[in-house]
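[1] requesting a structural model of the entry that follows:
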Amino acid sequence: MPPAPEAAAAEPAKQADAQAGEPPSGPQSGAEGSPSARPPRRRQRRDDPEAGPDAGRDAGRDAGPVHEARTNEEEGGQSPAPGERASRQAGGKEGGKDSTRRESNAIARYVAGLRADAGLLGASHYQAGQIDQWIYWATNELEAPCAALVYPIFGWGVQFNKKVAETARADLFKGLTILNEHLLHNTFLVGERISLADISLFSSVFNLFKHYLDAASAAAFPNLVRWFKTLQHQPTFVAVAGAPFELLAAPPALYSDEKKADKHKEEKAPKEEKPKKEEKPKEEKPKKKKEADDDEEEEDPALKEEKPRLSEAEAAWIAKKSPMDLDTVKRLFSNAKFEDVIAQFWTDFDHSTYTMWEATYNYNDDNKIDWMTANYVGGVLQRLEESRKVAYGVFTITGDKPFVVQGFFLFKYNEIPTFVKDSADFDCFTYKQVDITTEAGKDRVKTFWTAEQIDGRPVIERRFFK
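    Below is the predicted model:
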């Protein structure tokens, strides 16, 4: 049996041991199964994919000339540069498993760690923790409102909605205020040099600064603007993000109507005092009309809140008792398999109180990105919160680029409830009542609530509204 390469490499050491009167450490002559016939122990390096849990400890003892020679030979005669060995392993499989990196933050952290001399991960463990803190904070607090405000400008699968925009703007400005206060006494987010935290947050707010934030709005965040411009003029940032740009002189066209409306309301306030100064009795009648018009415009929001949302007929319909209780139906399907309870559901179904509806999103051709489509469906569900007492159903995402968004609902009303009609996304869907007295209608319910395919498209995600 030919000796292993390790045994050949260790031959000089054996001869030295023999001259010193010590027994050789390699294989001995004797029976093949005897302890003396054991193969030489292979010394593991720390980065060896086949290394066991003790490899790091053993590698610390392998600092002799034999280990150094073997390392240089395996690396082509040259010692690898910092991070070079990690980059070689990242290209394919590491330890027999797929080593592909996923998720942008994980990829960024991995790439930043390839060059320790760049200092992108901080100068200490404490700074590394601070960097992670800012990255996670931006993901949770900034990216969602930024997307809600910027995506409609590009038409990236999100339709403009005034209520959503107002909420997103308020959330965004809270986050920008936190950043602005931190940067009052700090040039960069962590430490005295650019780190991965700066790179990550710069990427998060880049489109916001370029396409949404105008100079007047940004004036409230001078420290943040200074930080952004500092990074914007760095050669490495210019190479990736392009030449520096100035903030918008005015809000984007999509949001300009809101600005005009706000200014219009502000201009109306001082006009209310003018009629008090005038003393001509003849002009009192037209003044009263103007004042009444102004009062009506100002009281609109309050009046809307005071007006009953439901008609007397709808309120009575929802309040009436039915042998099929909606909460019981929700618990029924939540705690058991569909196949085990659907027969009871059809037996107890109260056709005089409940109806079932299919909803199809009107802009499915825009659903090109999976996670954006899923986020939109999540937002629709949140904005339907008031409908829980009169509705139960499901939203599905099917197909692939474009993804198809549909819904199937049980309503405690003979029409679409007002709570659903008042939701911000109602106009984005087309509703069609389903006749569940037929087998085709019942099959449609089963398809939307349990099937793996809908109209030949695989179901990517199914979210129930309970």
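[2] low pLDDT regions in this structure?
    1-99, 157-158, 256-308 (pLDDT under 70).
[3] which segments of it make up each domain?
    According to automatic domain parsing, the chain comprises the domains 125-241, 272-305, 324-465.
[4] dump those to CSV, plus distance to residue 253.
    The way it works is simple: take the backbone N, C-alpha and C, and place the C-beta from them, glycine included. Output for those, formatted as CSV (distance: least, Cβ to Cβ, whole Å):
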stretch, distance to residue 253
domain 125-241, 9
domain 272-305, 25
domain 324-465, 19
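[5] who wins for proximity to residue 314 among those domains?
    Comparing the domains of the chain by their distance to residue 314 (Cβ to Cβ), the top pick is domain 324-465, with 6.2 Å.
[6] look up how far residue 330 lies from the residue lying closest to residue 393 once chain neighbours are set aside.
    Excluding the flanking residues, the one nearest residue 393 by Cβ to Cβ, 6 or more residues apart in numbering is residue 409, at 3.3 Å. Using Cβ to Cβ, to the nearest Å, we find residue 409 at a distance of 12 Å from residue 330.
[7] so where do the strands sit in this structure?
    Applying DSSP state E to the chain gives strands spanning 93-94, 97-98, 355-361, 391-399, 403-411, 429-434, 453-454, 457-465.
[8] could you pull out the buried residues of the last one?
    Read it as strand 457-465. If you call a residue buried by 16 or more other Cβ atoms under 10 Å, then strand 457-465 has these buried ones: 459, 462, 465.
[9] pull stretch 128-141 out as CSV, backbone CA atoms only.
    What follows is stretch 128-141, C-alpha atoms only, in CSV (Å, rounded to 0.1, in the frame of the first residue of the first chain):
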residue,chain,number,x,y,z
ALA,A,128,-19.9,46.1,14.8
GLY,A,129,-23.0,45.9,17.0
GLN,A,130,-23.8,49.6,16.4
ILE,A,131,-23.5,49.0,12.6
ASP,A,132,-25.9,46.1,12.8
GLN,A,133,-28.2,48.2,14.9
TRP,A,134,-28.5,50.9,12.2
ILE,A,135,-28.9,48.4,9.4
TYR,A,136,-31.8,46.6,11.2
TRP,A,137,-33.3,49.9,12.2
ALA,A,138,-33.4,51.1,8.6
THR,A,139,-34.9,47.9,7.4
ASN,A,140,-37.7,48.1,9.9
GLU,A,141,-38.3,51.8,10.1
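[10] buried sites along it?
    128, 130-132, 134-135, 137-138, 141.
[11] residues making contact with that stretch?
    105, 108, 121-122, 171, 174-175, 178, 189-190, 195-197, 200-201, 204 (Cβ atoms under 8 Å, 6 or more residues apart in numbering).
[12] re earlier: you'd agree the residue nearest to residue 393 is up against residue 465?
    Yes. Contact criterion Cβ atoms under 8 Å: residue 409 and residue 465 qualify, at 7.3 Å.
[13] give the residues shared as contacts by these two.
    Counting by Cβ under 8 Å, 6+ apart, the shared contacts of residue 409 and residue 465 are 391-394.
[14] now do the helices in the stretch 251-400 of the chain.
    253-271, 274-277, 284-306, 312-319, 326-334, 338-348, 370-383 (DSSP state H, counting those that start in this stretch).
[15] the fifth one vs strand 403-411, what angle?
    Per axes from the mean of the first three to the mean of the last three Cα atoms, to 10 degrees, the angle that helix 326-334 makes with strand 403-411 is 130 degrees.
[16] for the remainder of this discussion, apply numbering that starts at 45.
    Got it, first residue is 45 now, which makes that one helix 370-378.
[17] name all residues that make contact with residue 460.
    Counted by Cβ under 8 Å, 6+ apart, residue 460 has contacts 401, 475.
[18] what does residue 485 give?
    400, 478-479.
[19] give me the ChimeraX select line for the residues you listed, limited to the buried ones.
    Restricted to buried positions by 16+ other Cβ under 10 Å, the ChimeraX selection for those reads:
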select :400,478
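[20] for residue 462, state which of the contacts of residue 485 is nearest.
    residue 400 (17.9 Å).
[21] test my guess that the closest one contacts residue 455.
    Yes. Counting by Cβ under 8 Å, residue 455 is a contact partner of residue 400 at 7.4 Å.
[22] ok so, going back, partner residues bridging the residue nearest to residue 437?
    residue 401, residue 437 (DSSP bridges).
[23] list the contacts for it?
    Residue 453 touches 400-401, 403, 435-438, 464, 509, counting by Cβ under 8 Å, 6+ apart.
[24] output those residues as CSV; include the columns distance to residue 490.
    CSV is the format used below for those (distance: Cβ to Cβ, whole Å):
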residue, distance to residue 490
400, 12
401, 16
403, 17
435, 19
436, 15
437, 14
438, 12
464, 23
509, 17
